[in-house]
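**Q** what follows is a protein structure lacking sequence information:
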């Protein structure tokens, strides 16, 4: 194994040059154990590592802390000293969402990935509004979007093909495949994405067969899967933690727990790219501050009445636009809070880091 097999490139090498002078080694994080991390080095060694106090204190938010997929500068210890993350290299791509629940913070799902594979089906999991959200956050990450309409054996072929075509219409740049583990030839196209140094992350709801697809690509039961429910057609396996896996034949896979909530963590520009047809129509509205309601002069409402736009798509656009505006205001408030905390000094953050380190030492 070489660093290039893990996704290393010239840009990372240039940034790391200053750290190599200190005797530190490049490593990619493959697992987040909450307090410690799993790190993989170019020579194939897998080490349990901890984060230095400086890396922790320099992070302005949890999203800036090391995450699965990150490249780090590692000070390799020995039997008497821990292996320590001394720096995190800049992320070339970052796939993230808003933290689930009420917390208005960014949650990094995976970093330095080139392809995001969304696994859904043509049945109970099929949800175009959720797919719009997936495409929005994938677009912000700058990764390529691939969609699997999976478990095709459970639904009529017409239903599978219709679901795939609707998704293609929604995002012409996404590559969509109808797949089934019972027809393994349908998964051959997916193997074409697996190339040395290319990182792919899989997302989707629990029960869509995501982990079974990954097992197939890995060539064995790397992940534990339970029997399938004969009524729902869903396996009871759920991934409980993010993990990066390097395939022997080339390619890198990052699995993720089933995503129940797809809250936005994106910007206005990305939103407008996903809804370019609606944005173009909005320019023809009579009033600049048009809220696209039932009043006269709204070009979007007129197009909807003529059947050019589905009401569900407009509702999805307005809902996402509202969430992004809410995030923007929350970020402003959060920035004010951070500035106030900075004036109060780093004592609180230091106490939090010390508590985290003490828990690790006790274990």
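**A** That came through, no problem. This structure is a prediction, so every number in the text was calculated from the model and none was measured.

**Q** could you pull out the helices for the stretch 51-200 of the chain?
**A** Under the criterion DSSP state H, counting those that start in this stretch, the stretch 51-200 of the chain carries helices at the ranges 53-58, 128-141, 157-170, 188-191.

**Q** what does the last one rub up against?
**A** Read that as helix 188-191. Contacts with helix 188-191, where a contact means C-beta atoms under 8 Å, 6 or more residues apart in numbering, come from 117, 146, 148, 177, 179, 213, 217. Quick note: C-beta positions are derived from backbone N, CA and C, even for glycine.

**Q** after the worst-scoring helix or strand of the chain on mean pLDDT comes which helix or strand?
**A** In the chain, no helix or strand scores lower on mean pLDDT, DSSP states H and E than helix 268-274, which sits at a mean of 57. Next in sequence after helix 268-274, counting helices and strands by DSSP states H and E, comes helix 276-282.

**Q** which elements pack onto that next one?
**A** If you count contacts as 3 or more C-beta pairs under 8 Å, 6 or more residues apart in numbering; DSSP states H and E, helix 276-282 packs onto helix 299-305, helix 311-344.

**Q** do me a favour and average the pLDDT over the last one.
**A** This predicted structure assigns helix 311-344 an average pLDDT of 63.

**Q** again, but for the first one
**A** When pLDDT is averaged along helix 299-305, the result is 81.

**Q** show me which residues of that helix are buried.
**A** Going by neighbour count (16 or more other C-beta atoms under 10 Å), the buried part of helix 299-305 is 299, 300, 301, 303, 304.

**Q** which residues sit against that helix?
**A** With contact meaning C-beta under 8 Å, 6+ apart, helix 299-305 is reached by 278, 281-286, 290, 292-294, 309-311, 314.

**Q** list only buried entries from these.
**A** Of the contacts of helix 299-305, these count as buried by 16+ other C-beta under 10 Å: 278, 281, 282, 285, 290, 292, 309, 314.

**Q** flag the shaky bits of the stretch 101-250 of the chain, pLDDT-wise.
**A** By pLDDT under 70, the low-scoring segments of the stretch 101-250 of the chain are 101-105, 220-241.

**Q** max pairwise distance over the contacts of helix 299-305: which two?
**A** 286 and 310 (22.6 Å; C-beta to C-beta).

**Q** so residue 296 sits against residue 285, correct?
**A** No. Judged on C-beta atoms under 8 Å, residue 296 makes no contact with residue 285 at a distance of 10.3 Å.

**Q** comparing the helices of the stretch 51-200 of the chain, which comes out most buried?
**A** helix 128-141 (a mean of 21; mean count of other C-beta atoms under 10 Å).

**Q** the inter-axis angle of that one versus helix 157-170?
**A** Between the axis of helix 128-141 and that of helix 157-170 there is an angle of 40 degrees, by axes from the mean of the first three to the mean of the last three C-alpha atoms, to 10 degrees.

**Q** show me how far stretch 2-17 is from its chain's centre.
**A** Chain-centre distance of stretch 2-17: 22 Å, with C-alpha atoms, centre = their mean, to the nearest Å.

**Q** contact partners of it?
**A** Stretch 2-17 has contacts (C-beta under 8 Å, 6+ apart) with 26, 28, 40, 42, 71, 73, 89-90, 92, 112, 196-199, 246, 250, 252.

**Q** got it, and stretch 31-48?
**A** Against stretch 31-48 from outside (C-beta under 8 Å, 6+ apart): 1-3, 5-6, 8, 25-30, 49-51, 66-68, 72, 74, 76, 83, 85, 241-244, 246, 356, 359-360, 363.

**Q** would you map out the domains in the protein?
**A** Residue ranges for each domain of the chain read 3-92, 94-255, 268-344, as given by automatic domain parsing.

**Q** deepest-packed of those domains, please.
**A** The highest average neighbour count among the domains of the chain, using mean count of other C-beta under 10 Å, belongs to domain 94-255 at a mean of 18.

**Q** what about that domain, start to end distance?
**A** With C-alpha to C-alpha, to the nearest Å as the measure, domain 94-255 spans 15 Å from end to end.

**Q** can you check stretch 74-88 too?
**A** 9 Å.

**Q** I'd like the distance from it to the chain centre, please.
**A** That offset, for stretch 74-88, works out to 28 Å (C-alpha atoms, centre = their mean).

**Q** what's in contact with that stretch?
**A** The contact list for stretch 74-88 (C-beta under 8 Å, 6+ apart) reads 19, 22-27, 37, 39, 41, 47-52, 54-55, 64-66, 70-73.

**Q** what is the mean pLDDT for that stretch?
**A** Per-residue pLDDT over stretch 74-88 has a mean of 92.

**Q** nearest spatial neighbour of residue 282, chain-adjacent residues omitted?
**A** Nearest non-adjacent residue to residue 282, counting by C-beta to C-beta, 6 or more residues apart in numbering: residue 300, 5.9 Å away.

**Q** so how far is residue 314 from the one you found?
**A** Residue 300 sits at a distance of 6 Å from residue 314 (criterion: C-beta to C-beta, to the nearest Å).
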